[in-house]
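Peer 1: Show me the folded form of this:
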Amino acid sequence: MSRELTILVTGVNGQVGFELLRSLQGLGRVVPCDRSMLDLSDLERVRAFVRALKPSLIVNPAAYTAVDKAETDIEAARRLNVDVPRVFAEEAALGGGALIHYSTDYVYDGTKSGAYVESDATNPQNVYGQTKLEGERAIAAAGCPHLILRTSWVYGRRGKNFLQTMLTLGSERTELRVVADQIGAPTWAKTIAAATSHIVAQGAAANDKDWWARRSGVYHLSSAGATSWHGFAEAIFATVMGSHAPTVVPIPSSDYPTPAKRPANSRMSLDKLAEVFGLQMPDWGDAMRLCLGE
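Peer 2: Next up, the predicted model:
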């Protein structure tokens, strides 16, 4: 790694990309990339763009994240979740750069009783999870120094996400029915960006070309603790609406069928992240209250 980092950040209009663009400032020359600058569906243009820029680090939160739509829009999901990360990884390998890429709890089948660790077997139950896993494997196969950060239940105050949906519905209805048998860690986009910037700062401070290579691999990066979608909804309303909150009725997943199957257990151990990078992630409830207070 050179002393002056050139950091390419994709998907800067998305939830995580928007926050990354802010959290990475001051760590190097940050080059934002959105659809107007680079159409990620054009792989040859992506390759040419990266070769011309020669970034020291590519941070790639861009992804196809419409989980239910992916069940039928397989080609588009694979292009963004597999082909684009592969090109970034191949170009990083050729240019001597590193790649930070974001993946998902949906690579697991959710049948484990406790928290998943990074070495647990993957078994995605939907197209989104399958394409994200294929993207992880494509990155590893390219041989560049890389960090694959698996996160879960991402939300923020922009874009489409569970928190925004609940805020809208909660202002319109007196009762909501929300799934209570899926467990995971709601994770604020700003939490993901802040943790990423801490990692990048460590790499920059090390000024060691092998720093990233020695730490290459998969890490879980989410909020600490866990709740259900029902619990998340209740916490949102308690924070924002207090005694005026709508009634939130717990229902099983079977009462809310979706095209894509979701894992029942999305809890992920954060021990490896803490051990390697010294990062302690905030409790999901604390982060949610900070988000709602902004």
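Peer 1: Every contact and neighbour count from this point should use C-alpha atoms.
Peer 2: Noted.
Peer 1: can you give me the helices in the stretch 101-250 of the chain?
Peer 2: For the stretch 101-250 of the chain, the helices defined by DSSP state H, counting those that start in this stretch cover 127-142, 162-170, 189-206, 211-214, 229-240.
Peer 1: Take the ones you listed and write them to JSON lines, including distance to residue 20 and mean pLDDT.
Peer 2: JSON lines is the format used below for those (distance: least, C-alpha to C-alpha, whole Å; pLDDT from 0 to 100):
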{"stretch": "helix 127-142", "distance to residue 20": "20", "mean pLDDT": "98"}
{"stretch": "helix 162-170", "distance to residue 20": "20", "mean pLDDT": "97"}
{"stretch": "helix 189-206", "distance to residue 20": "5", "mean pLDDT": "97"}
{"stretch": "helix 211-214", "distance to residue 20": "19", "mean pLDDT": "97"}
{"stretch": "helix 229-240", "distance to residue 20": "24", "mean pLDDT": "97"}
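Peer 1: Residue 43 is nearest to which of the ones you listed?
Peer 2: Among the helices of the stretch 101-250 of the chain, the nearest to residue 43 by C-alpha to C-alpha is helix 127-142 (14.5 Å).
Peer 1: pLDDT below threshold where in this protein?
Peer 2: Filtered on pLDDT under 70, the chain yields the residue ranges 1-3.
Peer 1: Strands of that one, residue ranges please.
Peer 2: Taking DSSP state E, the strands of the chain run over residues 6-9, 29-32, 57-60, 98-104, 146-151, 154-155, 175-179, 183-184, 187-188, 217-220, 227-228, 247-251.
Peer 1: Turn those into JSON lines, columns for distance to residue 118 and mean neighbour count.
Peer 2: Below are the strands of the chain laid out as JSON lines (distance: least, C-alpha to C-alpha, whole Å; neighbours: other C-alpha atoms under 10 Å):
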{"stretch": "strand 6-9", "distance to residue 118": "25", "mean neighbour count": "23"}
{"stretch": "strand 29-32", "distance to residue 118": "30", "mean neighbour count": "17"}
{"stretch": "strand 57-60", "distance to residue 118": "20", "mean neighbour count": "25"}
{"stretch": "strand 98-104", "distance to residue 118": "12", "mean neighbour count": "25"}
{"stretch": "strand 146-151", "distance to residue 118": "9", "mean neighbour count": "23"}
{"stretch": "strand 154-155", "distance to residue 118": "19", "mean neighbour count": "22"}
{"stretch": "strand 175-179", "distance to residue 118": "26", "mean neighbour count": "17"}
{"stretch": "strand 183-184", "distance to residue 118": "16", "mean neighbour count": "24"}
{"stretch": "strand 187-188", "distance to residue 118": "18", "mean neighbour count": "26"}
{"stretch": "strand 217-220", "distance to residue 118": "6", "mean neighbour count": "22"}
{"stretch": "strand 227-228", "distance to residue 118": "20", "mean neighbour count": "20"}
{"stretch": "strand 247-251", "distance to residue 118": "30", "mean neighbour count": "15"}
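Peer 1: count of residues packed around residue 256?
Peer 2: Residue 256 has 10 neighbours, counted by other C-alpha atoms under 10 Å.
Peer 1: same deal with residue 294?
Peer 2: 6.
Peer 1: what's the answer for residue 193, then?
Peer 2: 22.
Peer 1: Could you say which one of the strands of the chain comes nearest to residue 270?
Peer 2: With C-alpha to C-alpha as the criterion, residue 270 lies closest to strand 217-220 of those, at 5.7 Å.
Peer 1: Sheet-wise, list the partners of the closest one with their directions.
Peer 2: strand 146-151 (parallel) (DSSP bridges).
Peer 1: contact partners of the strand it pairs with?
Peer 2: By C-alpha atoms under 8 Å, 6 or more residues apart in numbering, the surrounding residues in contact with strand 146-151 are 89, 98-105, 136, 139-140, 187, 212-213, 215-222.
Peer 1: Could you do stretch 89-102 as well?
Peer 2: Identification of contacts with stretch 89-102 by C-alpha under 8 Å, 6+ apart yields 1, 47, 50-51, 54-61, 85, 88, 138-139, 142-151, 212.
Peer 1: How about stretch 70-87?
Peer 2: 40-41, 43, 46-47, 60, 62-65, 101, 126-128, 131-132, 134-136, 138-139, 142, 259-260.
Peer 1: Now with 6 Å, please.
Peer 2: 63, 64, 127, 128, 131, 132, 134, 135, 138, 139 (C-alpha atoms under 6 Å, 6 or more residues apart in numbering).
Peer 1: can you redo those residues as CSV with distance to residue 226 and neighbour count?
Peer 2: Below are those laid out as CSV (distance: C-alpha to C-alpha, whole Å; neighbours: other C-alpha atoms under 10 Å):
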residue, distance to residue 226, neighbour count
63, 24, 23
64, 25, 20
127, 24, 23
128, 22, 28
131, 25, 25
132, 22, 28
134, 27, 19
135, 26, 26
138, 30, 20
139, 29, 30
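Peer 1: Okay then, goodbye and thanks.
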